[in-house]
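In: just to be clear, the model below is a prediction. Sequence and coordinates:
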Amino acid sequence: MGVVTPPKQDRSRATRQKLLQSAVACLAERGWSGSTVAVVAEHAGVSRGATQHHFPTREDLFTAAVEYVAEERSEALRALRPEGRAQAVAALVDLYTGPLFRAALHLWVAASNEPQLGERVTELEARVGRETHRIAVRLLGADESRPGVRETVQGLLDMARGLGLANLLTDDAARRDRVVAEWADIVDRVLD
């Protein structure tokens, strides 16, 4: 029997996924200036031509990569069934301490200096932010019709971003754990 090759559509989807994962890894490791289309193609083991077939511009590649990983993370958060609010708070904070956050941060900085990228990243971040907020409300069992609840949830997400920034330069795990425990208590008091 001959070797069975996957259909062209499946290979194309797999190539696209490899490129997206490589783009996020390169952005997290090398930053915007060190993450060219050629670097990502090499990292993924894909030709530059195949890369440009899937993503005609650098901006297309990196905004799609961050969106792809954000959606993967959102799916994982949606599937989460935390045992209490403390676990939900910790899961939300974890969203901002991994390679996705590092990659997104590099993309934000680049977008602040490059207008063609800025508009796309602003739109992407608004969508991701709204989705993350909706997931947080569900995970926390929050009733946003009550005064102060929406602001508490948004404050938690803003605090999580700040902890993610602090974690970029040093391992901030011990302090982060204490802050997360305190925020879990605050969230409990406000939401109960």
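Out: Cool, got the structure.

In: helices or strands next to the helix ranked longest in the chain in the packing?
Out: Determined from DSSP state H, the single longest helix within the chain is helix 115-140. Packing contacts for helix 115-140, counted by 3 or more C-beta pairs under 8 Å, 6 or more residues apart in numbering; DSSP states H and E, involve helix 58-79, helix 85-94, helix 99-113, helix 149-169. Heads up, the C-betas are built off the backbone N, CA and C, glycines and all.

In: right, and these - which one's nearest Glu119?
Out: helix 99-113 (8.3 Å; C-beta to C-beta).

In: and that closest one with helix 115-140, angle?
Out: Helix 99-113 runs at 140 degrees relative to helix 115-140, counting by axes from the mean of the first three to the mean of the last three C-alpha atoms, to 10 degrees.

In: just checking, what packs against helix 99-113?
Out: Using 3+ C-beta pairs under 8 Å, 6+ apart, the elements in contact with helix 99-113 are helix 8-30, helix 58-79, helix 115-140, helix 149-169.

In: for that helix, which outside residues touch it?
Out: Residues outside helix 99-113 that contact it (C-beta atoms under 8 Å, 6 or more residues apart in numbering): 23-25, 27-28, 31-32, 35, 62-63, 65-66, 69-70, 73, 95, 117-118, 120-122, 125, 161, 164-165, 168.

In: now that helix, how far from the centre of its chain.
Out: For helix 99-113, the separation from the chain centroid amounts to 10 Å (computed by C-alpha atoms, centre = their mean, to the nearest Å).

In: could you do stretch 29-37 as well?
Out: From the chain centre to the centre of stretch 29-37 is a distance of 17 Å (C-alpha atoms, centre = their mean).

In: for stretch 58-73, same thing?
Out: 8 Å.

In: check stretch 172-191 too.
Out: How far stretch 172-191 lies from its chain's middle: 21 Å, per C-alpha atoms, centre = their mean.

In: list the buried residues of stretch 115-124.
Out: Residues of stretch 115-124 classed as buried: Leu117, Arg120, Val121, Leu124 (neighbour count, 16 or more other C-beta atoms under 10 Å).

In: can I get stretch 57-68 in CSV, CA atoms only?
Out: Below are the C-alpha coordinates for stretch 57-68, written out as CSV (Å, rounded to 0.1, in the frame of the first residue of the first chain):
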residue,chain,number,x,y,z
THR,A,57,1.5,41.0,5.0
ARG,A,58,3.4,40.9,8.3
GLU,A,59,0.5,42.7,10.0
ASP,A,60,-1.9,40.0,8.7
LEU,A,61,0.3,37.3,10.2
PHE,A,62,0.8,38.8,13.6
THR,A,63,-2.7,40.0,14.2
ALA,A,64,-4.0,36.6,13.2
ALA,A,65,-1.5,34.9,15.4
VAL,A,66,-2.5,36.8,18.5
GLU,A,67,-6.2,36.4,17.7
TYR,A,68,-5.7,32.7,17.2
